[in-house]
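Undergrad: curious how this folds, go ahead:
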Amino acid sequence: MTAVGGYGYGFQFWLNPPGGFRADGAFGQYSMILPKQDAVVAITSESIATKTTMQIVWDTLLPEMKSASPLPKDRAAYNLLKQQLGVLGYEPPKQATASPVAATIAGKDFLLEQNPFNAKAVSFRFNNDTCILP
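TA: You can find the predicted model right below:
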């Protein structure tokens, strides 16, 4: 593990300043592992304000995770939870792999409003079932 920006980094994980470690994704997606609190915090914020998002966890959420004694074992509640989780499922919607709009927008430039990325325009190319942003 190497120190980057004052915190350790290695194997696609960062060390958290208050303890634990995290995996960072694009646009504010995090998986924060906090072993002392026996907790995992998953964030899918779609934000470019990554430091602000993490600071909210450190300043607001983490202090509320007080170290209390573990809950007593409750076999009936555990079995009920296990049963309820066992029937959960999600069937993703079936989507067409091509769009009738593709032919009308392929290769055209679309001008963008001012944005944090300073991107001026976007265009699309299509190759079989793939959309390419050149």
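
Undergrad: name the helix or strand of the chain that has the lowest mean pLDDT.
TA: The element with the least model confidence among the helices and strands of the chain, by mean pLDDT, DSSP states H and E, is strand 2-4, at a mean of 43.

Undergrad: look up which residues are beta-bridged to Arg125.
TA: Here Arg125 shows beta-bridge partners Ile132, assigned using DSSP bridges.

Undergrad: you'd agree it is up against Lys108?
TA: No: contact status for Arg125 versus Lys108: not in contact, 10.3 Å apart, counting by CB atoms under 8 Å. Any C-beta I mention is one placed from the backbone N, CA and C, and that applies to glycine too.

Undergrad: low-confidence ranges in this structure?
TA: 1-7, 67-68 (pLDDT under 70).

Undergrad: could you pull out the helices for it?
TA: With DSSP state H as the definition, the chain shows helices at residue ranges 50-56, 62-64, 75-86, 102-105.

Undergrad: and the ones you listed, which is most packed in?
TA: helix 50-56 (a mean of 14; mean count of other CB atoms under 10 Å).

Undergrad: roughly how far apart are Phe27 and Ser45?
TA: Taking CB to CB, to the nearest Å as the measure, Phe27 and Ser45 are separated by 8 Å.

Undergrad: the more surrounded of those two?
TA: A side-by-side neighbour count of Phe27 and Ser45, using other CB atoms under 10 Å, places Ser45 first with 14 against 11.

Undergrad: once you drop chain neighbours, what's closest to the more buried one?
TA: Gly28 (3.8 Å; CB to CB, 6 or more residues apart in numbering).

Undergrad: dihedrals phi and psi, that neighbour?
TA: With angles defined as degrees, to the nearest 10, Gly28 sits at phi 80, psi 30.
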